[in-house]
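1. After the sequence you'll find the predicted model.
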Amino acid sequence: MQAFLSSSILTNPCPRSLFPRPTTQSQLLLSSVTGARTSAATARRTVQGDGSARCVVTPASSSPAVAAAATEVPEKMKAWAYDEYGDAGVLKLDEAVSVPPVGEDQVLVRVAAAALNPVDSKRRMGKFKATDSPLPTVPGYDMAGIVVKVGGQVKNLKEGDEVYGHISEKVLEGPKQYGSLAEYTAVEEKLVAVKPKNIDFAQAAGLPLAIETAHEGLERAGFSAGKSILVLGGAGGVGSLVIQLAKQVFGASKVAATASTPKLELLKSLGADVAIDYTKENFEELPEKYDVVFDAVGQGDKAVKVVKEGGSVVVLTGAVAPPGFRFVVTSDGSVLTKLNPYLESGKVKPIVDPKGPFPFSQVVEAFSYLETGRATGKVVISPIP
């Protein structure tokens with residue numbers, strides 16, 4: 001762990017950044033960390049054994065607002081960022097982004113792994129710019145890593161804790177400007193949980209948004225023991241977890257799921273009783289009806305044809321027709337804590353796409369792969385940097 005933490009120190013103390021000094025309000029946050037932290041810390045230059053210098057931050061006092069980290073945290077970090085909306089080509093690797101300030105209810109996490117989600121792509125393309133945080137943006141919602149600093153109101157976490165979580169409470173409404181595709185990210189304590197010991201950082205990073213979406217969708221649909229469910233897109237990040245939660249946590253009587261031919265065995269290994277090859281069968285033409293249909297791929301118009309009377313259709317993307325409904329997940333660390341025993345026992349397993357994890361240098365390639373819609377499980381970036 002110590003080696004992992006110490007690897008975060010940047011060798012260039014004052015590298016050039018994609019983010020200029022603040023000239024507009026939209027640039028202020030990513031450029032003003034030093035001023036925001038004046039009361040809690042002061043910057044200094046330290047000469048290392050090889051004669052090079054580095055910028056570090058040391059506590060100016062024993063202020064309770066931000067507890068000093070046992071391992072020095074640099075002022076600057078490597079991060080992927082964009083200052084305009086567009087395709088994956090707008091992403092740039094910036095080696096001099098300011099480490100985000102830590103709020104009183106937050107922890108600063110040294111990110112070990114991060115995961116990509118379709119909502120990251122939609123956000124980058126400006127699909128919800130009206131409610132987005134200001135540009136420039138360090139993207140990323142999901143992460144796993146080690147706590148290196150805690151705010152004064154943090155109660156249950158401490159430096160050195162291995163945690164994972166989805167860092168923005170509301171995915172579409174004011175998501176954090178400092179995301180998880182960076183060496184450090186600041187996140188509210190209530191949004192993260194201690195990482196299960198039996199899974200690694202890459203596996204943990206792929207879980208939060210997907211498993212919280214799966215869990216919240218099942219709860220909103222009123223799913224319970226003895227009910228049946230059809231999962232559309234069962235091999236995807238959310239779908240693979242819906243299968244497992246429905247079976248292992250909610251007590252489903254029957255789980256069916258769709259996928260392409262090469263992924264049918266994966267569906268069965270996750271607990272699906274019926275694996276439907278969508279390249280050979282139209283699920284909406286099959287005679288079976290289900291209490292709940294969980295549509296993770298945008299086929300809501302077909303999903304409503306196979307739901308029982310009085311049943312529910314959860315739709316994550318695409319058109320919604322009654323009795324279908326759509327929701328936006330709320331990040332909640334207590335859900336992760338609740339599900340940790342199922343992960344620790346192996347009843348629920350994280351699925352990382354076999355093409356990954358992608359190295360930090362290949363974030364653009366990872367997004368391009370995610371956007372093909374062919375990923376199995378989650379697309380993960382690890383190690384960082």
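-> Thanks, I have it.
2. Strands of the stretch 1-150 of the chain, residue ranges please.
-> Secondary structure of the stretch 1-150 of the chain (DSSP state E, counting those that start in this stretch): strands located at 41-47, 53-59, 73-74, 76-81, 92-98, 106-116, 142-150.
3. Listing partners with orientation, what would you give for the last one?
-> The pairing partners recorded for strand 142-150 under DSSP bridges are strand 106-116 (antiparallel), strand 162-166 (antiparallel).
4. ok, and what's touching the last one?
-> With CB atoms under 8 Å, 6 or more residues apart in numbering as the contact definition, strand 162-166 has outside contacts at 107, 109, 141-147, 157, 187, 191-195, 201, 204-205, 207-209, 212, 329, 331, 333, 336. In this view, the C-beta of every residue, glycine as well, is placed from N, C-alpha and C.
5. re earlier: need the winner for burial among the strands paired with strand 142-150.
-> Among the strands paired with strand 142-150, ranked by average contacts under mean count of other CB atoms under 10 Å, first place goes to strand 106-116 (a mean of 28).
6. got the buried residues for stretch 114-134?
-> Buried residues in stretch 114-134, counted by 16 or more other CB atoms under 10 Å: 114-121, 123-124, 132-133.
7. Which ones among those residues lie within helices?
-> Among the buried residues of stretch 114-134, the residues falling in helices (DSSP state H) are 118-121, 123-124.
8. Those: which two are farthest apart?
-> The largest separation in those, counting by CB to CB, is between 118 and 124 at 10.8 Å.
9. on that earlier part again, tell me which of the strands of the stretch 1-150 of the chain sits most buried.
-> strand 106-116 (a mean of 28).
10. so how far is it off the chain centroid?
-> Its chain's C-alpha centre and that of strand 106-116 lie 9 Å apart, by CA atoms, centre = their mean, to the nearest Å.
11. a markdown table for the strands paired with strand 142-150, including distance to residue 239?
-> As requested, the strands paired with strand 142-150 are exported to a markdown table (distance: least, CB to CB, whole Å):
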| stretch | distance to residue 239 |
| --- | --- |
| strand 106-116 | 15 |
| strand 162-166 | 18 |
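12. With mean pLDDT as added columns, please give the ones you listed in JSON lines.
-> As requested, the strands paired with strand 142-150 are exported to JSON lines (pLDDT from 0 to 100):
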{"stretch": "strand 106-116", "mean pLDDT": "98"}
{"stretch": "strand 162-166", "mean pLDDT": "98"}
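13. just to revisit the earlier point, just give me the closest of the ones in helices among the buried residues of stretch 114-134 to residue 273.
-> When these are ranked by distance to residue 273 (CB to CB), residue 118 comes first, at 27.2 Å.
14. For the closest one, give me its contacts.
-> Going by CB under 8 Å, 6+ apart, residue 118 touches 317, 370.
15. let's go with 6 Å and repeat that
-> Counting by CB atoms under 6 Å, 6 or more residues apart in numbering, residue 118 makes contact with nothing.
16. coming back round to it: so which of the contacts of strand 162-166 are in helices?
-> 201, 204-205, 208-209, 212, 333, 336.
17. For the stretch 151-300 of the chain, which segments count as helices?
-> Here the stretch 151-300 of the chain has its helices, by DSSP state H, counting those that start in this stretch, at 201-205, 208-220, 237-244, 264-270, 300-303.
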